[in-house]
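Engineer: build me a model from this:
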Amino acid sequence: RIAFDPTKERFEVSDAAIARDPNFIPDITALWHGSYKSGIRDFFRKLEESSDREIPNEEMDRLEERIDRVRDLRDFRFQVIELGASANEEQVAEIFVRINSEGVKLSQADFILTLMSVYWEDGRRALEEFARACVDPAVTGNSPKNEFINPGPDQLLRAGIALAFGRGRLATVYQILRGKDLETGEVSRDRRSEQFEQLATANDAVLDLLHWHEFLKCLKLAGFRNHKMISSDNAIIYTYAIWLIGRSYHGIEITTLRPVIARWFFMVQTTGRYTSSPETAIESDLRRLERIKQGAGEAFCGELDRIV
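Structural biologist: Okay, here's the model as predicted:
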């Protein structure tokens, strides 16, 4: 159910609290069913009772006009493309990408999140829930909330892709996750499953709250205290990816890794390393790090310090 607050002109997904809030019409479908006028009168009555005042005519007219605009959605002409029942998941995803490559421009991350909706819905949902928990005031206890960043699902996805595939450019990753062999162009369902399994393992590491909060301690060690001191979210996300490679791939102890990543982040932030052409910059850094054998923690730390 979708609710609408005419006083602030905003929509929300309805819940028990919104249903009790007199500022909301808790279910906008009521505007198209039943008695519209009586529903509006009931809304204004509850609003007046809650505020213990009589609503002036000018304000009432303004609110009713906003409600009318929502009601007019029934006459909005949506463009629809109907797909035959014979269309498979691969074709549906491809059609989505082709349509959205025109008009409103979507990013490569959007396309990858769409593939996740088709082939791995739980993974996309996990990214969205983590991102939502960063800002939702109703979330208490152990959560990803912090002073530095409220990451979006697409940003968390970038960290997972860097860990899973050692890639910074997402255009290639989209083809990899489709199960495409980059040399032959052949698309394989088995290859697609393998790549999504690899991404799932990386996603678990990205969304691990212990990993997340231990990484954020590196920012504090580097002298940063809140988001006002950070000029680029990319600096945080890509440094998190490098922290995960050190911790998950090379097995470096947290106490050893922390000062190395703190120095790295200080360098990245002060030089604007991931501000201009960030995908190119992180791709270059990941290429340098991928030459280090798994478990070679000392070599990993040494390479980061050498770059710094």
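
Engineer: got phi/psi on Val187?
Structural biologist: Here is the backbone geometry of Val187 (degrees, to the nearest 10): phi -100, psi 130.

Engineer: residues near it, how many?
Structural biologist: 13 (other C-beta atoms under 10 Å). C-beta here means a position set from N, CA and C on the backbone, and glycine is covered the same way.

Engineer: who touches it in this structure?
Structural biologist: Shown in contact with Val187 (C-beta atoms under 8 Å, 6 or more residues apart in numbering): 90, 178-181.

Engineer: are any of those buried, and if so which?
Structural biologist: 90, 178-180 (16 or more other C-beta atoms under 10 Å).

Engineer: those residues in strands, which ones?
Structural biologist: Applying DSSP state E to the buried ones among the contacts of Val187, no entry is found in strands.

Engineer: so can I have TSV of those showing pLDDT?
Structural biologist: Putting these into TSV (pLDDT from 0 to 100) gives the following:
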residue	pLDDT
Glu90	73
Arg178	86
Gly179	88
Lys180	84
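
Engineer: all helices of the stretch 101-250 of the chain, in order?
Structural biologist: In the stretch 101-250 of the chain, helices defined by DSSP state H, counting those that start in this stretch lie at 108-119, 121-133, 153-165, 170-177, 189-206, 209-221, 233-244, listed in chain order.

Engineer: need those helices in JSON lines (columns: distance to Leu73, mean neighbour count and mean pLDDT).
Structural biologist: Below are the helices of the stretch 101-250 of the chain laid out as JSON lines (distance: least, C-beta to C-beta, whole Å; neighbours: other C-beta atoms under 10 Å; pLDDT from 0 to 100):
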{"stretch": "helix 108-119", "distance to Leu73": "24", "mean neighbour count": "19", "mean pLDDT": "86"}
{"stretch": "helix 121-133", "distance to Leu73": "25", "mean neighbour count": "16", "mean pLDDT": "95"}
{"stretch": "helix 153-165", "distance to Leu73": "27", "mean neighbour count": "24", "mean pLDDT": "96"}
{"stretch": "helix 170-177", "distance to Leu73": "33", "mean neighbour count": "19", "mean pLDDT": "87"}
{"stretch": "helix 189-206", "distance to Leu73": "36", "mean neighbour count": "17", "mean pLDDT": "95"}
{"stretch": "helix 209-221", "distance to Leu73": "39", "mean neighbour count": "18", "mean pLDDT": "98"}
{"stretch": "helix 233-244", "distance to Leu73": "34", "mean neighbour count": "24", "mean pLDDT": "98"}
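
Engineer: out of those helices, which is closest to Glu9?
Structural biologist: With C-beta to C-beta as the measure, helix 121-133 is the member of the helices of the stretch 101-250 of the chain nearest Glu9 (22.2 Å).
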